[in-house]
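Visitor: Curious how this folds, go ahead:
(one chain, ligands or ions: 2)
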Amino acid sequence: MWSFGYVVLSAARAFDGENLMPLAASKTLSLIKVLKGIAPREELSLAEYLGSIPKLDSLSSLPSGTPVLVRGDVDAKVGAELGEGDIRLRSMKSTLEFGVKKGFKQVIFGHLGRKQKDKPIGSLAKVAARIGKILGTEVALITDWLDEATFTIKPAVEEQIAAAAPGSVLVLENVRAYDIETVLWKAKDDALAPIAENLTTLANSFAERVAKVYVNEALSAGSLDASSTIIPLAMEKVALGNYIASEFEGPMMDCMKAKMVIFSGIKIDKLDDLDAMIQRGTISTIISAGSLAMALKKADAQLSGGDFCLGVTEDPAHSDKPYYIPPDRIEQAKRMIAAGKAQGIEFVLPVDFKLADESVVTTMKPGDQQFDIGPGTIAHFQERIGQFIAAQGGKPVGVFHNGVFGMFEDPRFEAGTKAFIAELNRMTKAGLKVYVGGGEGGTALERYGQPDWVTHCFTAGGTVLNALGSEPVPYLVALRAAAN
Ligand SMILES: Nc1ncnc2c1ncn2[C@@H]1O[C@H](COP(=O)(O)OP(=O)(O)O)[C@@H](O)[C@H]1O
Ligand SMILES: O=C(OP(=O)(O)O)[C@H](O)COP(=O)(O)O
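Guide: Residues are numbered from 1 along each chain as shown. Ligands and ions are numbered 1, 2, ... in the order given. Model (predicted):
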């Protein structure tokens, strides 16, 4: 839900002719607390967030040569040819071309991947080259741009930007190479004040040495990354890129009104997002599969006076595993089903499962683990889709699909996911508006279907769930605070 208590944030800055007053650490700390859910958020809809953040055309009158920091959607596995693995990079084209035309010196920064044990963090070298190809211009990569001892941008970066010609595009090397970027992820409440000091120094250094204008064109950058999210507070102007603005204002708003949602996958916290979507009041049918559906399956059985064994999924000995579902999630699922059914929502759940040895069962025993839905469920879902299509009478109602039905990367467990991608095509061809929420669901569409089998596939998974679900998108909260 986008409803919390009421706190108005505004960046601690004012203009002094050409000089921007530095951001104060107290304001950074306030925003961090809001983003971490420690302090209350404003009670705002997605439309209200969007309405409070300037669009790209607000930068139209800035003079040629103005440096602009662009938070770019650079988390891409670039393939050998143009068009391969670069959809997120192409999503920035319109915004970057606007900047080139205006003569801005655009400095793109963003993340690629996550740090993994014993593996160096990825470089943006290929991404920078591909952006250059997409724009038809040279794009330089600036490596080694941050002094991690002082949290300041290295002076050479300022010199490189000053020397760049109007219309230049530069890329800062992977921001996640620096620990400061992900420091908020696991930060305890009492560590936030010193972190806010460091981030304030960093944000002010960006404003002093890189740019005072910030454009966010990174739809998928929905995690609570530090510099990416906080830096706008120190900026003179912020704006939403063309792609982000159109994705939120078009397809995302359509998804808010979806009548059917298909929710699956392994992350049990998606239950909160489904809960929030139910509370919006437009949904009539929920199809759920995968690990996530296990909570609903058990809850449904218990509400009918019975029970349903989930095997290892409910075994506390597996509590460190991603598929583990703790008892409080079953209770939450019970509340959701009871409230949902009271408002007329139909929950369509799996009726059989494929286990590790590929046997198909309708009930599980302790020690069992399901890796896919079984053929009975595939048929059950197909039947319900047919009924849903018929009930809409040709009206273009919305359908939102998130996640996968099993461990589909393994061919032994792909059948359920694969069969349902064909159902998305069936619904689209029947005139429904079908949206896929990026992530693994998007990967499955790529693998088993065609782009035109759905109305739209988002280039971000987590951000879409935030926008539609229980938590606001951190960068929208921050951009609104910065724009105030
Ligand atoms: N039983 C299962 N059901 C669904 N996904 C599973 C299951 N077991 C493993 N997974 C894995 O979990 C991942 C999907 O998780 P999901 O939460 O849908 O991701 P995303 O939010 O990125 O779409 C896939 O890599 C899939 O193989
Ligand atoms: O791929 C991304 O998001 P997605 O998997 O939710 O679509 C983004 O780059 C976010 O990556 P992160 O989850 O490491 O912050």
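
Visitor: Tell me which residue in the stretch 301-450 of the chain sits closest to ligand 1.
Guide: Gly439 (2.9 Å; C-beta to the nearest ligand atom). For every residue, glycine as well, the C-beta is placed using N, CA and C.

Visitor: Surely that residue and Glu446 touch.
Guide: No: at 11.6 Å, Gly439 does not count as touching Glu446 under the criterion of C-beta atoms under 8 Å.

Visitor: Compare those two (neighbour count), which wins?
Guide: Neighbours per residue (other C-beta atoms under 10 Å) separate Gly439 from Glu446, with Gly439 holding more: 21 against 14.

Visitor: Report the separation between Ala299 and Gly462.
Guide: Ala299 sits 25 Å away from Gly462 when distances are taken as C-beta to C-beta, to the nearest Å.

Visitor: How much space separates the spatially closest residue to Lys212 that is not a sequence neighbour from Ala478?
Guide: What sits nearest to Lys212 in space, not counting adjacent residues and going by C-beta to C-beta, 6 or more residues apart in numbering, is Glu236, at 4.0 Å. Here Glu236 is placed at a distance of 15 Å from Ala478 (C-beta to C-beta).

Visitor: quick one on the thing from earlier: so the residue nearest to Lys212 makes contact with Val213?
Guide: Yes: Glu236 is in contact with Val213 according to C-beta under 8 Å; the separation is 6.3 Å.

Visitor: ok, which stretches of the stretch 351-484 of the chain are strands?
Guide: Assigned strands in the stretch 351-484 of the chain, in chain order: 353-355, 360-361, 370-373, 398-402, 433-436, 456-457 (criterion: DSSP state E, counting those that start in this stretch).

Visitor: I'd like the distance from stretch 363-380 to the chain centre, please.
Guide: 29 Å (C-alpha atoms, centre = their mean, to the nearest Å).

Visitor: Briefly note if it comes near ligand 1.
Guide: Yes: applying C-beta under 6 Å from any ligand atom, one finds stretch 363-380 in contact with ligand 1 at 370-371.

Visitor: May I have that stretch as CSV, with CA atoms only?
Guide: These are the backbone C-alpha positions of stretch 363-380, laid out as CSV (Å, rounded to 0.1, in the frame of the first residue of the first chain):
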residue,chain,number,x,y,z
THR,A,363,-0.6,-34.3,-1.6
MET,A,364,2.9,-33.9,-0.1
LYS,A,365,4.6,-35.7,2.8
PRO,A,366,7.1,-34.2,5.3
GLY,A,367,10.5,-34.1,3.4
ASP,A,368,8.9,-33.6,0.0
GLN,A,369,9.7,-30.6,-2.1
GLN,A,370,7.8,-29.4,-5.1
PHE,A,371,9.7,-28.0,-8.1
ASP,A,372,6.8,-27.5,-10.6
ILE,A,373,3.1,-27.8,-11.0
GLY,A,374,1.8,-31.1,-12.4
PRO,A,375,-0.3,-31.8,-15.5
GLY,A,376,-3.6,-31.6,-13.5
THR,A,377,-2.8,-28.0,-12.5
ILE,A,378,-1.8,-27.1,-16.1
ALA,A,379,-5.3,-28.3,-17.3
HIS,A,380,-7.0,-26.7,-14.3
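
Visitor: which residue packs closest to the closest residue to ligand 1 within the chain, ignoring adjacent ones?
Guide: In the chain, the residue that lies nearest ligand 1 is Gly265 (2.1 Å; C-beta to the nearest ligand atom). Distance criterion C-beta to C-beta, 6+ apart; nearest residue to Gly265, sequence neighbours excluded, is Gly403 at 3.0 Å.

Visitor: That neighbour and Lys270 touch, don't they?
Guide: Yes: Gly403 is in contact with Lys270 according to C-beta under 8 Å; the separation is 7.1 Å.

Visitor: Find residues that contact each of those two.
Guide: The contact sets of Gly403 and Lys270 overlap at 263, 292 (C-beta atoms under 8 Å, 6 or more residues apart in numbering).

Visitor: higher neighbour count, Glu236 and Val213?
Guide: A count of neighbours by other C-beta under 10 Å puts Val213 above the other of Glu236 and Val213, at 22 against 16.

Visitor: Was I right to think the more buried one contacts Gly65?
Guide: No: Val213 lies out of contact with Gly65 (C-beta under 8 Å); the separation is 11.8 Å.
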